[in-house]
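In: Predicted model follows, preceded by the sequence.
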Amino acid sequence: MRHVIDKRVPATPVPVIRIRRLTKSYGHGDATVHALRGPDDPETGEPQGVSLDIEQGDFVAVMGSSGSGKSTLMNILGCLDVPTSGRYLLDGVDVGHLDEQQLSLVRNRKIGFVFQSFNLIPRTTALSQVELPLAYAGVRASERRRRALAALSLVGLGERSGHKPNELSGGQQQRVAVARALVTAPAMLLADEPTGNLDSRSTEEVLGLIDGLNATGRTVVLITHEDEVARHAKRVLRLVDGQIVSDIRQAPVEGPPPALHDLGVPA
Amino acid sequence: MILWQTLRFAVGGLAANKVRSALTMLGVLIGVASVILLLAVGNGSSVAVKDSITSLGTNSLTVSSGSAAGGARAASSVKKLTVADAKALASDAGASAAIKSVAPVVTTSGTALYGNISYSPGSIVGTYPAYFETSNQKVAKGEYFTNDDVLGSRKVAVLGATTAKQLFDTEDPVGKQIVLGGTPFTVVGVLQAKGGSGFTDPDDVVIAPLPTVQNAFTGFGAVNQILVQAASADTTTAAQSEITRVLLAAHAISDPSKADFRITNQASLLTARESTTKTFTVLLGAVAAISLLVGGIGITNIMLVTVTERTREIGIRKALGAPRAVILGQFLTESTLLSVIGAGLGVAAGMVGSHFSIVGIKPVVIPESVLGAFGIAVAIGLFFGSYPANRAASLRPIDALRHE
């Protein structure tokens, strides 16, 4: 009888995001500002950097006052900015080793952005907005149109596909942005205060959409400073002065996000 | 697919700032149109010179008095040309094959009267009938005057087309009487119009027999010129040395460098003028090229403004995963579109403009200049657009997104 020794790592899922000892600082010398620093090294007093894992399917809210480093974290997670030091693995790929061309591919395929100020392209119809990431990915025109229309009807704007940003309300614009973020089926949805510029009704609509996306297994990282919004998340991180000071799990990674759970889907 | 998309975005970008785009295009339009038009004007004037070379007759030589070394340094010793000189040449013409005919010429000015119409023709020329052939003057109506008219000093005249028009308008001048300097002349013929090539109108002339004009105006002294026709264009050089030999002998000058007359070849004169018009064309072209360059700088300027204005949009596109090449392509397409449309309109404007005559010159469009101007304008769009486009493409996404 022969013993087969399996030396492979047990099949735990690779986290979507794994950051290790990440720092980001601006300026030089005495004027250096550490936007992300993590705990200080007890011996040298140097910043040790932030380390964090985010699992597939999780819904994480990053909270903090302005200047706490949450936007810096978000920009680095979205590959819009590069860290000063430390490693960032997105879907198991070390982003630090990618060139400009590969980074634009990563942004296109793996990340969907939703911004506070919507960031729609002016003078462009909703349909074209949503088609844009697909166009950059090289999808054929007919396929692009089909998928963009599907994404728009998912956010409830199927009838408004021909409207330009100045013909849409704030809530509708943000829903177009959500459709644009999810149309490429990215590994992760990054939302930077998506409800910051919205009234309460639109806020509910947009958060409902994000809840729904998370319920279908999409990883969501959401930045906010409102407790109301953070209540939708499964896990809440609190940043103060570039450090994670608390990490609270509100719901398990598997299963629906708490807001849908409360709506009478029993565990 | 992405090409079509890029083109649509470029058109959209231009349409968003219609006045600005139109003004930028206007810059290119003016550049291209002026290149085409000014080169056409230069070309037109050299074509006109070429035509007048053929109309003057390429094998005519003009002998005029004066030192070949220039100036009237020894004015007292300069012997004027006379009818006798012409006769010496004419008698030689029989012996030499190089010279075909000789016509002494006196030129004067005066007023012509017909009925109550008074007009001063550009010049009144007294000469021999050989003049007509040598200077390539063809009669349109009536006849030339004849050698008999010269011998008989008859008061007959041939009018240039312009003079005939001024004096007679639509009437037929042949057989009518005009009064030149108090002497009545009968008009026997009207010359064909040659058309002006520059500042003097060759059709504004009255031509009469030499002794008649001498009698009425200049007196029987010196003549202004002797017009000699060489047997053919190839024998002009031989004819020239022949004239020199005969006249040196007639004037009793032994040293050819002290000759008191000058021989000019119409063709060489006009060749010199043609090279002047070439310089003129090059200058015009250079001015036009500068305006094209300024149009190009206009494109750079506007594209830089556009890039700054749309920095945020560039950031959004980068966040959505637009590769560098796509951003570069989009702005290059926009600037090239500006220059292509501007150049296209410029070609149209240049072609339309070349149908009008400009300062008396009928422009003749050079086909190469149209292609060249269009090509250069498009290249300028690419070249001057590439700096702003590059700047847009190399923006860091985070900086672009933060831009307000």
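Out: Yes, it's here. Numbering: from 1, shown residues only, chains lettered A, B, ... in the order given.

In: contacts and neighbour counts: CA atoms only from here.
Out: Fine.

In: all helices of the stretch 101-250 of chain B, in order?
Out: The residue ranges that make up the helices of the stretch 101-250 of chain B, judged by DSSP state H, counting those that start in this stretch, are B:130-134, B:147-151, B:161-168, B:210-213, B:236-250.

In: ugh, typo on my part, it should be the stretch 301-404 of chain B
Out: Counting by DSSP H, counting those that start in this stretch, the segments of the stretch 301-404 of chain B that form helices are B:311-319, B:324-353, B:367-393, B:397-402.

In: can you put these in a markdown table and add mean neighbour count, distance to B:Ser268 and mean pLDDT?
Out: What follows is those, written out as a markdown table (neighbours: other CA atoms under 10 Å in any protein chain shown; distance: least, CA to CA, whole Å; pLDDT from 0 to 100):
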| stretch | mean neighbour count | distance to B:Ser268 | mean pLDDT |
| --- | --- | --- | --- |
| helix B:311-319 | 24 | 64 | 90 |
| helix B:324-353 | 23 | 33 | 91 |
| helix B:367-393 | 21 | 28 | 89 |
| helix B:397-402 | 19 | 68 | 87 |
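
In: Can you redo those helices as TSV, where the extra columns are distance to A:Ala251?
Out: TSV is the format used below for these (distance: least, CA to CA, whole Å):
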stretch	distance to A:Ala251
helix B:311-319	30
helix B:324-353	41
helix B:367-393	43
helix B:397-402	33
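
In: Take those and lay them out in TSV including distance to chain A.
Out: Output for the helices of the stretch 301-404 of chain B, formatted as TSV (distance: least, CA to the nearest CA, whole Å):
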stretch	distance to chain A
helix B:311-319	6
helix B:324-353	7
helix B:367-393	11
helix B:397-402	5
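
In: which stretches of the stretch 201-350 of chain B have low pLDDT?
Out: Counting by pLDDT under 70, the stretch 201-350 of chain B contains low-confidence residues at B:267.

In: Identify the residue of it closest to chain A, quick one.
Out: With CA to the nearest CA as the measure, B:Gly321 is the residue of the stretch 201-350 of chain B nearest to chain A, at 4.0 Å.

In: Now that residue: closest residue in space that isn't a chain neighbour?
Out: Of all residues not flanking B:Gly321 in the chain, A:Asn108 sits nearest, at 4.0 Å (CA to CA, 6 or more residues apart in numbering or on different chains).

In: Check A:Asn197 too.
Out: Nearest to A:Asn197 is A:Gln116, by CA to CA, 6+ apart, at 6.4 Å.

In: Checking the one you found next. Helix, strand or coil?
Out: Reducing the assignment at A:Gln116 to three states with DSSP: H, G, I helix; E, B strand; the rest coil gives coil.

In: what about it, neighbour count?
Out: Neighbourhood size, A:Gln116 [other CA atoms under 10 Å in any protein chain shown]: 17.

In: now do the one 10 residues further on
Out: Neighbourhood size, A:Ala126 [other CA under 10 Å]: 31.

In: That one touches A:Glu159, doesn't it?
Out: No - with contacts defined as CA atoms under 8 Å, A:Ala126 does not count as touching A:Glu159, sitting 10.2 Å away.

In: Now do the contacts for B:Gly181.
Out: By CA atoms under 8 Å, 6 or more residues apart in numbering or on different chains, the contact list for B:Gly181 reads B:Gly110, B:Thr111, B:Ala112, B:Ala216, B:Phe217.

In: Cheers, nothing more for now.
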